[in-house]
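A.B. asks: Output the structure for:
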Amino acid sequence: MDRFFAIVNPAAGGGRSARLAAPALARLREKGLQVDVVASTGPGHAIQLAREAYDQGYRRFLAVGGDGTAHEILNGIFAGRTSVERIALGFLPLGTGNSFLRDFTKDGAEASIQAILENRKRPIDLIRLTHASGEIYSFNLLSVGFTADVAALTNRIFKPFGHLGYLLGVFVRVVQLRRRAFALRCDDDSEWDERRSLFLAFNNSKYTGGTMLIAPNADPADGLIEFVRWGPIGRFGLLRTLPRLYDGTHITHPLASRRAVCHVEFKTGAPADVMIDGEVATLECRSLDILPAAVEIYI
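C.D. replies: Residues are numbered from 1 along each chain as shown. Take a look at the predicted model:
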């Protein structure tokens, strides 16, 4: 089916998506693209809509909103299936974060629309998280610790403030700082790593929170998970080095490390908050795997 299936999240960007979606979609139609449009009504609805659209034969999708909208579309298509036919995903980035497209361009909306009009696509990897009750797919990153704590607070209280809200969440969590151990081992590691840390991030792409360069070495098409760990830094040390999270130099800190891996195994024993593509879920994590070139995106 050559038609696009567009899912609009009208709540994305504090309502910005609801105001701007119609003109953006009209521009695509004026250029001859056939686009069927449905609006999601709440968290999780886009998963259901995407699953039904895929079953009906759609293979081209548009995420009209933020990274959370794209996340739900991909999970509606991939989660719970043993195999998936090749699909292509385009972005009309009208949400708050829109972190993923920053790997490719600083002009996300315009570049994305132009790529759709020119049918310009590239393959990217997906990360699959297996947890105690199922699986979740990520195209951006998964993280536990400080980053998940910030995202949970921001989504609950500060999200209407956009990038400022994320900064507010960061400073509140600095005051409430927790450094915990998340037992894991990667690839052929024989020993479990149970060291305390500020956060652990498992990245497919470089950015989170819109502008935080958590994983400057990540490549969404290299078939690897970029694993960034920052050890148990204190409050004052973190405050001094927070700006380094925005230019990627935090990975040179003595307490930080990074490595590229294919598989991660967890030994948690209890659920924990996990940030997945900007959203937060409380899960008992079991493992992470990379699915190379699993989906094509327009960019």
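A.B. asks: show me what contacts the closest residue to Phe158 other than its chain neighbours?
C.D. replies: Closest residue to Phe158 apart from its sequence neighbours, by Cβ to Cβ, 6 or more residues apart in numbering: Gly165 at 3.2 Å. (C-beta placed from N, C-alpha, C; glycine too.) Going by Cβ atoms under 8 Å, 6 or more residues apart in numbering, Gly165 touches Thr96, Thr154, Ile157, Phe158, Lys159.
A.B. asks: Please repeat the previous calculation with a cut-off of 6 Å.
C.D. replies: Taking Cβ atoms under 6 Å, 6 or more residues apart in numbering, we find Gly165 in contact with Thr154, Phe158, Lys159.
A.B. asks: likewise Thr211?
C.D. replies: The contact partners of Thr211, taken as Cβ under 6 Å, 6+ apart, are Tyr246.
A.B. asks: Let's see the helix or strand containing the residue nearest to Phe158 as PDB, backbone CA atoms only.
C.D. replies: Assessed by DSSP states H and E, Gly165 sits inside helix 163-175. C-alpha atoms of helix 163-175 as PDB (Å, rounded to 0.1, in the frame of the first residue of the first chain):
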ATOM      1  CA  HIS A 163      13.100  22.400  27.400                       C
ATOM      2  CA  LEU A 164      12.800  24.600  30.500                       C
ATOM      3  CA  GLY A 165      10.700  22.000  32.200                       C
ATOM      4  CA  TYR A 166      13.500  19.400  31.500                       C
ATOM      5  CA  LEU A 167      16.000  21.700  33.200                       C
ATOM      6  CA  LEU A 168      13.700  22.100  36.200                       C
ATOM      7  CA  GLY A 169      13.500  18.400  36.400                       C
ATOM      8  CA  VAL A 170      17.300  18.100  36.300                       C
ATOM      9  CA  PHE A 171      17.900  20.500  39.200                       C
ATOM     10  CA  VAL A 172      15.200  19.000  41.400                       C
ATOM     11  CA  ARG A 173      16.700  15.600  40.900                       C
ATOM     12  CA  VAL A 174      20.200  16.900  41.700                       C
ATOM     13  CA  VAL A 175      18.800  18.000  45.100                       C
END
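A.B. asks: so what strands line up beside the next helix or strand after it?
C.D. replies: Per DSSP H and E, helix 163-175 leads on to strand 180-181 as the next helix or strand towards the C-terminus. Strand pairing for strand 180-181, using DSSP bridges, gives strand 196-197 (antiparallel).
A.B. asks: chain center to the partner strand: distance?
C.D. replies: Between the centre of strand 196-197 and the centre of its chain there are 23 Å (Cα atoms, centre = their mean, to the nearest Å).
A.B. asks: Following the chain onward from it, which element is next?
C.D. replies: strand 199-203.
A.B. asks: in its sheet, what does that following strand sit against?
C.D. replies: Its sheet considered, strand 199-203 pairs with strand 141-145 (antiparallel), strand 225-230 (antiparallel) by DSSP bridges.
A.B. asks: would you turn those into JSON lines with mean pLDDT?
C.D. replies: As requested, those are exported to JSON lines (pLDDT from 0 to 100):
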{"stretch": "strand 141-145", "mean pLDDT": "96"}
{"stretch": "strand 225-230", "mean pLDDT": "97"}
